[in-house]
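K.L.:
would you be able to build a 3D model of this:
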Amino acid sequence: MSSTSKTQNLREVEVFRHQNQVTNTVVHVNLADITHDESLVRPSPAGNCLNWVLGHLSCIYNNVLPLLGESPVPEQEALRRYDRGSAPITSPADAMKISDLIRVWDESVKRLDAGLAKLTSEKLDQRVPNSPTNNPNETVRSLLSTIAFHQAYHAGQLGVLRRIAGRPGAIA
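P.N.:
Next up is the predicted model:
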């Protein structure tokens, strides 16, 4: 691989890292002062609460960590409750405490950034064994691009859910 290609791939990694940092900032701004009870308020007539969305964001990062050479967070089993396709939270007993979810999110973000920082050109081009979009040609690069969009989408959703929970908007 030429030095130009390697430099380009390093720039891609920096873009992924920047997207991770921006998403993390948006998540934290939208979660400011949210109580556990507020995190359980569901939109009407249907949809997921803030608690589920934050757990889902953490679960998605956690699912990709091994692909990046990082260990999943210790709460991996509890996060399965928030995986793609899981049922909405309808009872407080079904939900992790919001303070615990924020801690898990922070650790997932930290581990994801560490994994991204170690990415090589070869790793970016590697095919992934299980594409969440059923793309038979999915690479680490294309998966990371999809995940960046997914995480930003749900980070914005937290802002709407914050208002549904009765809080003022956090991002002007």
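
K.L.:
quick check: phi and psi on residue 39?
P.N.:
phi -70, psi -10 (degrees, to the nearest 10).

K.L.:
what stretches of the protein score poorly on pLDDT?
P.N.:
Across the chain, the ranges flagged by pLDDT under 70 are 1-9, 172.

K.L.:
which single helix of it contains the most residues?
P.N.:
As assigned by DSSP state H, the longest helix anywhere in the chain is helix 3-31.

K.L.:
for that helix, the distance to its chain's centre please.
P.N.:
Here helix 3-31 is found 13 Å from its chain centre; the criterion is CA atoms, centre = their mean, to the nearest Å.

K.L.:
and what of stretch 29-41?
P.N.:
For stretch 29-41, the distance to the chain centre is 17 Å (CA atoms, centre = their mean).

K.L.:
residues contacting that stretch, please?
P.N.:
49-51, 54, 89, 92, 95, 97-99, 101-102, 155, 158-159, 161-162, 164-167, 170-171 (CB atoms under 8 Å, 6 or more residues apart in numbering). Yep, even glycine has a C-beta here, placed from its N, CA and C like the rest.

K.L.:
mind checking which of these are buried?
P.N.:
49-51, 54, 89, 95, 98, 101-102, 155, 158-159, 161-162, 164-165, 167, 170 (16 or more other CB atoms under 10 Å).

K.L.:
just the ones of the residues you listed in helices?
P.N.:
Per DSSP H, the buried ones among the contacts of stretch 29-41 map to helices at 50, 51, 54, 98, 101, 102, 155, 158, 159, 161, 162, 164.

K.L.:
return the member of those residues nearest to residue 24.
P.N.:
Residue 24 has its nearest neighbour among those in residue 155, at 8.3 Å by CB to CB.

K.L.:
nearest residue to the closest one other than its sequence neighbours?
P.N.:
residue 26 (4.2 Å; CB to CB, 6 or more residues apart in numbering).

K.L.:
quick one: residues contacting that neighbour.
P.N.:
Residue 26 sits next to 152, 155, 156, 158, 159, 171 when contact means CB under 8 Å, 6+ apart.

K.L.:
check the burial of the residue nearest to the fourth one when sequence neighbours are not counted by counting its neighbours.
P.N.:
Excluding the flanking residues, the one nearest residue 158 by CB to CB, 6+ apart is residue 30, at 3.9 Å. Here the neighbour count serves as a burial measure; for residue 30 (other CB atoms under 10 Å) it reads 24.

K.L.:
start the count at 847, not 1, going forward
P.N.:
In the new count, where the first residue is 847, that last one comes out as residue 876.

K.L.:
what's the spacing between residue 876 and residue 945?
P.N.:
Note on residue 876: its distance to residue 945, by CB to CB, to the nearest Å, is 15 Å.
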